[in-house]
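> take a look and give me a structure for this.
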Amino acid sequence: MPKYLIADFIVEIEPKFDYLKKLCEPFLYEGERSADFSAIPSASYLNSLLSRMVEGSTIDEAEEFATASIFNRKIIHRGAMLVHSSALVFDGKAYLFSADSGVGKSTHTKMWLKRFGSKAHILNDDKPVVKIKNGVPLCCGTPFDGGSGIADNETVPIGAIIFIERSDDNFVTVPDTKEIVQRLYKSTVKFVNKSDGMSLLSNLDNLIRHTKFYVLHCNTDDSAVDVAYNNIIKNCK
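Residues are numbered from 1 along each chain as shown. Now for the predicted structure:
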(Lines give C-alpha, C1' and ligand atoms only; values in the text may rest on other atoms or scores of the structure.)
Protein backbone atom coordinates (compact mmCIF):
# COMPACT_ATOMS: atom_id res chain seq x y z
CA MET A 1 0.00 0.00 0.00
CA PRO A 2 1.36 3.48 -0.84
CA LYS A 3 2.82 5.50 2.02
CA TYR A 4 3.09 9.28 2.16
CA LEU A 5 5.16 11.60 4.35
CA ILE A 6 2.84 14.38 5.49
CA ALA A 7 3.77 16.77 8.32
CA ASP A 8 6.46 14.20 9.30
CA PHE A 9 3.83 11.46 9.70
CA ILE A 10 3.98 8.33 7.57
CA VAL A 11 0.44 7.84 6.35
CA GLU A 12 -1.10 5.01 4.37
CA ILE A 13 -3.41 6.43 1.72
CA GLU A 14 -4.88 4.53 -1.20
CA PRO A 15 -6.14 7.12 -3.71
CA LYS A 16 -8.74 5.67 -6.05
CA PHE A 17 -9.42 8.75 -8.13
CA ASP A 18 -7.15 11.00 -10.16
CA TYR A 19 -7.69 14.17 -8.14
CA LEU A 20 -6.28 12.81 -4.87
CA LYS A 21 -3.62 10.78 -6.70
CA LYS A 22 -2.20 13.94 -8.25
CA LEU A 23 -2.29 15.88 -4.97
CA CYS A 24 -0.52 13.07 -3.10
CA GLU A 25 2.28 12.52 -5.61
CA PRO A 26 4.71 15.09 -4.10
CA PHE A 27 4.29 13.44 -0.68
CA LEU A 28 5.02 9.85 -1.75
CA TYR A 29 7.36 8.10 0.71
CA GLU A 30 9.58 5.17 -0.27
CA GLY A 31 11.71 4.91 2.88
CA GLU A 32 11.79 2.28 5.59
CA ARG A 33 9.70 3.96 8.27
CA SER A 34 6.54 2.15 9.29
CA ALA A 35 3.21 3.83 8.87
CA ASP A 36 2.00 5.90 11.81
CA PHE A 37 -1.62 5.46 10.73
CA SER A 38 -3.85 5.07 7.69
CA ALA A 39 -6.33 7.54 6.23
CA ILE A 40 -8.51 5.50 3.92
CA PRO A 41 -12.23 6.26 3.74
CA SER A 42 -14.64 3.42 3.06
CA ALA A 43 -16.78 3.33 -0.07
CA SER A 44 -19.92 3.74 2.01
CA TYR A 45 -18.47 6.82 3.74
CA LEU A 46 -17.54 8.35 0.37
CA ASN A 47 -21.01 7.81 -1.06
CA SER A 48 -22.67 9.12 2.09
CA LEU A 49 -20.45 12.19 2.07
CA LEU A 50 -21.06 12.86 -1.62
CA SER A 51 -24.81 12.82 -1.06
CA ARG A 52 -24.40 15.62 1.52
CA MET A 53 -22.01 17.80 -0.48
CA VAL A 54 -23.12 20.73 -2.62
CA GLU A 55 -24.77 19.92 -5.92
CA GLY A 56 -22.24 19.25 -8.66
CA SER A 57 -19.58 17.82 -6.35
CA THR A 58 -17.70 14.79 -7.67
CA ILE A 59 -16.60 11.52 -6.11
CA ASP A 60 -13.00 12.74 -6.61
CA GLU A 61 -13.70 15.76 -4.40
CA ALA A 62 -15.47 13.59 -1.84
CA GLU A 63 -12.42 11.31 -1.62
CA GLU A 64 -10.07 14.26 -1.01
CA PHE A 65 -12.38 15.73 1.63
CA ALA A 66 -12.94 12.39 3.39
CA THR A 67 -9.23 11.51 3.43
CA ALA A 68 -8.38 14.95 4.80
CA SER A 69 -11.01 14.57 7.52
CA ILE A 70 -9.57 11.24 8.67
CA PHE A 71 -6.01 12.55 8.55
CA ASN A 72 -6.79 15.74 10.48
CA ARG A 73 -8.66 13.88 13.18
CA LYS A 74 -5.87 11.36 13.74
CA ILE A 75 -3.09 13.95 14.01
CA ILE A 76 -4.90 15.64 16.92
CA HIS A 77 -3.56 12.83 19.13
CA ARG A 78 -0.03 13.25 17.77
CA GLY A 79 0.65 16.88 18.67
CA ALA A 80 -0.49 18.45 15.41
CA MET A 81 -3.61 20.19 14.16
CA LEU A 82 -5.28 21.64 11.13
CA VAL A 83 -5.62 25.42 10.94
CA HIS A 84 -8.02 26.25 8.13
CA SER A 85 -6.12 29.05 6.43
CA SER A 86 -4.18 30.29 3.44
CA ALA A 87 -0.52 29.78 4.38
CA LEU A 88 1.76 32.34 2.77
CA VAL A 89 5.55 31.91 2.85
CA PHE A 90 7.46 35.20 2.93
CA ASP A 91 11.11 35.73 3.86
CA GLY A 92 11.44 32.12 4.95
CA LYS A 93 8.51 32.14 7.37
CA ALA A 94 4.91 31.01 7.06
CA TYR A 95 2.07 33.42 7.79
CA LEU A 96 -1.27 31.70 8.16
CA PHE A 97 -4.20 33.93 7.21
CA SER A 98 -7.34 32.42 8.70
CA ALA A 99 -10.92 33.59 8.33
CA ASP A 100 -14.50 32.42 8.06
CA SER A 101 -15.48 31.23 4.59
CA GLY A 102 -16.14 34.13 2.27
CA VAL A 103 -14.21 36.72 4.26
CA GLY A 104 -11.32 36.74 1.81
CA LYS A 105 -8.22 34.98 3.16
CA SER A 106 -7.23 33.70 -0.29
CA THR A 107 -7.99 37.07 -1.84
CA HIS A 108 -5.63 38.68 0.66
CA THR A 109 -2.74 36.26 0.13
CA LYS A 110 -3.06 36.62 -3.64
CA MET A 111 -2.50 40.35 -3.13
CA TRP A 112 0.85 39.47 -1.55
CA LEU A 113 1.82 37.44 -4.62
CA LYS A 114 0.89 40.36 -6.84
CA ARG A 115 2.90 42.79 -4.71
CA PHE A 116 6.01 40.70 -3.98
CA GLY A 117 6.15 38.22 -6.86
CA SER A 118 8.71 35.45 -6.35
CA LYS A 119 9.53 36.67 -2.83
CA ALA A 120 6.29 35.08 -1.65
CA HIS A 121 4.40 31.88 -2.39
CA ILE A 122 1.41 30.01 -1.01
CA LEU A 123 2.26 26.74 0.72
CA ASN A 124 -1.34 25.57 1.08
CA ASP A 125 -4.47 27.57 0.39
CA ASP A 126 -6.85 25.71 2.67
CA LYS A 127 -5.63 22.96 5.01
CA PRO A 128 -2.07 23.40 6.32
CA VAL A 129 -1.09 21.63 9.53
CA VAL A 130 0.71 23.21 12.47
CA LYS A 131 2.87 21.54 15.10
CA ILE A 132 5.63 22.41 17.56
CA LYS A 133 9.05 20.78 17.22
CA ASN A 134 11.85 21.60 19.66
CA GLY A 135 9.97 24.72 20.71
CA VAL A 136 9.60 25.98 17.12
CA PRO A 137 6.13 26.35 15.59
CA LEU A 138 5.99 24.82 12.12
CA CYS A 139 3.56 25.06 9.25
CA CYS A 140 3.42 21.84 7.23
CA GLY A 141 2.01 21.42 3.77
CA THR A 142 -0.55 18.68 3.13
CA PRO A 143 -2.02 17.21 -0.05
CA PHE A 144 -5.42 18.56 0.95
CA ASP A 145 -6.16 21.72 -0.98
CA GLY A 146 -9.88 22.39 -0.56
CA GLY A 147 -10.23 22.67 -4.32
CA SER A 148 -7.63 25.40 -4.80
CA GLY A 149 -4.99 23.22 -6.45
CA ILE A 150 -2.32 24.69 -4.14
CA ALA A 151 -0.80 22.06 -1.85
CA ASP A 152 3.00 21.97 -1.62
CA ASN A 153 5.16 19.48 0.27
CA GLU A 154 7.02 21.95 2.44
CA THR A 155 7.59 22.64 6.15
CA VAL A 156 8.34 26.21 7.20
CA PRO A 157 8.72 27.95 10.61
CA ILE A 158 5.68 30.01 11.48
CA GLY A 159 6.03 33.77 11.64
CA ALA A 160 2.49 34.38 12.86
CA ILE A 161 -1.11 33.24 12.64
CA ILE A 162 -3.33 36.09 11.47
CA PHE A 163 -7.10 36.13 11.72
CA ILE A 164 -8.78 38.28 9.08
CA GLU A 165 -11.82 40.42 9.73
CA ARG A 166 -13.48 42.56 7.08
CA SER A 167 -13.36 46.25 7.82
CA ASP A 168 -13.69 49.56 6.01
CA ASP A 169 -10.28 50.54 7.36
CA ASN A 170 -7.03 48.60 7.56
CA PHE A 171 -5.51 48.06 11.01
CA VAL A 172 -4.03 45.35 13.23
CA THR A 173 -4.92 44.29 16.77
CA VAL A 174 -3.39 41.72 19.11
CA PRO A 175 -5.96 39.22 20.45
CA ASP A 176 -5.96 38.00 24.04
CA THR A 177 -5.76 34.30 24.88
CA LYS A 178 -9.53 33.84 25.08
CA GLU A 179 -10.02 35.30 21.61
CA ILE A 180 -7.18 33.19 20.18
CA VAL A 181 -8.74 29.99 21.54
CA GLN A 182 -12.16 30.92 20.17
CA ARG A 183 -10.79 31.72 16.74
CA LEU A 184 -8.54 28.66 16.54
CA TYR A 185 -11.37 26.40 17.60
CA LYS A 186 -13.47 27.68 14.72
CA SER A 187 -10.65 26.95 12.26
CA THR A 188 -9.76 23.39 13.23
CA VAL A 189 -11.27 19.92 13.54
CA LYS A 190 -14.02 19.70 16.14
CA PHE A 191 -13.63 16.97 18.74
CA VAL A 192 -16.20 14.18 18.99
CA ASN A 193 -15.21 12.63 22.31
CA LYS A 194 -13.34 13.44 25.51
CA SER A 195 -10.04 12.03 24.23
CA ASP A 196 -10.21 14.27 21.14
CA GLY A 197 -11.05 17.24 23.33
CA MET A 198 -8.15 16.74 25.73
CA SER A 199 -5.65 16.33 22.88
CA LEU A 200 -7.00 19.39 21.09
CA LEU A 201 -6.73 21.51 24.23
CA SER A 202 -3.13 20.39 24.69
CA ASN A 203 -2.34 21.30 21.07
CA LEU A 204 -3.99 24.70 21.46
CA ASP A 205 -2.04 25.44 24.62
CA ASN A 206 1.26 24.45 23.03
CA LEU A 207 0.60 26.47 19.89
CA ILE A 208 -0.43 29.59 21.82
CA ARG A 209 2.69 29.46 24.01
CA HIS A 210 5.02 29.35 21.00
CA THR A 211 3.30 31.43 18.33
CA LYS A 212 2.46 35.08 17.63
CA PHE A 213 -1.15 35.94 16.81
CA TYR A 214 -2.73 39.00 15.24
CA VAL A 215 -6.09 40.13 13.90
CA LEU A 216 -5.94 41.94 10.58
CA HIS A 217 -8.97 44.15 10.06
CA CYS A 218 -8.89 44.93 6.37
CA ASN A 219 -10.61 45.71 3.12
CA THR A 220 -9.57 44.52 -0.34
CA ASP A 221 -7.46 47.55 -1.17
CA ASP A 222 -3.75 46.96 -1.85
CA SER A 223 -2.95 49.08 1.19
CA ALA A 224 -4.07 46.16 3.37
CA VAL A 225 -0.83 44.42 2.45
CA ASP A 226 1.19 47.46 3.57
CA VAL A 227 -0.60 47.52 6.92
CA ALA A 228 0.00 43.79 7.46
CA TYR A 229 3.64 44.05 6.42
CA ASN A 230 4.41 47.05 8.64
CA ASN A 231 2.52 45.82 11.70
CA ILE A 232 3.02 42.07 11.53
CA ILE A 233 5.89 40.94 9.29
CA LYS A 234 8.33 43.50 10.70
CA ASN A 235 7.53 42.24 14.22
CA CYS A 236 8.23 38.63 13.27
CA LYS A 237 11.67 38.93 11.71
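> and the strands in the protein?
Assigned strands in the chain, in chain order: 3-6, 9-12, 28-29, 37-38, 80-82, 86-90, 93-98, 120-124, 129-133, 136-140, 155-166, 171-173, 213-218 (criterion: DSSP state E).
> export those strands to TSV and tack on mean neighbour count, mean pLDDT and distance to residue 184?
Just so you know, the C-beta spots here come from the backbone N, C-alpha and C atoms, and that holds for glycine as well. Formatted as TSV, these follow (neighbours: other CB atoms under 10 Å; pLDDT from 0 to 100; distance: least, CB to CB, whole Å):
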stretch	mean neighbour count	mean pLDDT	distance to residue 184
strand 3-6	20	97	21
strand 9-12	20	98	21
strand 28-29	14	96	29
strand 37-38	16	97	23
strand 80-82	23	96	8
strand 86-90	26	95	15
strand 93-98	25	96	8
strand 120-124	22	94	17
strand 129-133	21	96	9
strand 136-140	21	97	13
strand 155-166	21	96	8
strand 171-173	14	97	16
strand 213-218	21	96	9
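> including distance to residue 68, could those go into a markdown table?
Formatted as a markdown table, these follow (distance: least, CB to CB, whole Å):
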| stretch | distance to residue 68 |
| --- | --- |
| strand 3-6 | 10 |
| strand 9-12 | 11 |
| strand 28-29 | 17 |
| strand 37-38 | 14 |
| strand 80-82 | 8 |
| strand 86-90 | 15 |
| strand 93-98 | 16 |
| strand 120-124 | 11 |
| strand 129-133 | 10 |
| strand 136-140 | 13 |
| strand 155-166 | 18 |
| strand 171-173 | 31 |
| strand 213-218 | 24 |
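> between those, which one is closest to residue 69.
Judged by CB to CB, the one of the strands of the chain that comes nearest to residue 69 is strand 80-82, at 9.5 Å.
> so residue 20 touches residue 60, yeah?
Yes: taking CB atoms under 8 Å as the definition, residue 20 is a contact partner of residue 60 at 6.9 Å.
> higher neighbour count, the two?
Between residue 20 and residue 60, residue 20 has the larger neighbour count (other CB atoms under 10 Å), namely 23 against 17.
> the more buried one and residue 115, how far apart?
Look at residue 20 and residue 115: by CB to CB, to the nearest Å, they are 33 Å apart.
> what does residue 236 give?
17 Å.
> nearest residue to residue 21 other than its sequence neighbours?
Using CB to CB, 6 or more residues apart in numbering and skipping residues adjacent in sequence, the residue nearest residue 21 is residue 15, 4.2 Å away.
> what of residue 64?
According to CB to CB, 6+ apart, the nearest residue to residue 64 is residue 20 (4.9 Å).
> report the contact partners of residue 105.
85, 86, 97, 98, 99, 164 (CB atoms under 8 Å, 6 or more residues apart in numbering).
> please convert these to TSV, extending it with distance to residue 47.
Formatted as TSV, those follow (distance: CB to CB, whole Å):
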residue	distance to residue 47
85	30
86	30
97	34
98	31
99	31
164	35
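> I am finished for the moment; much appreciated.
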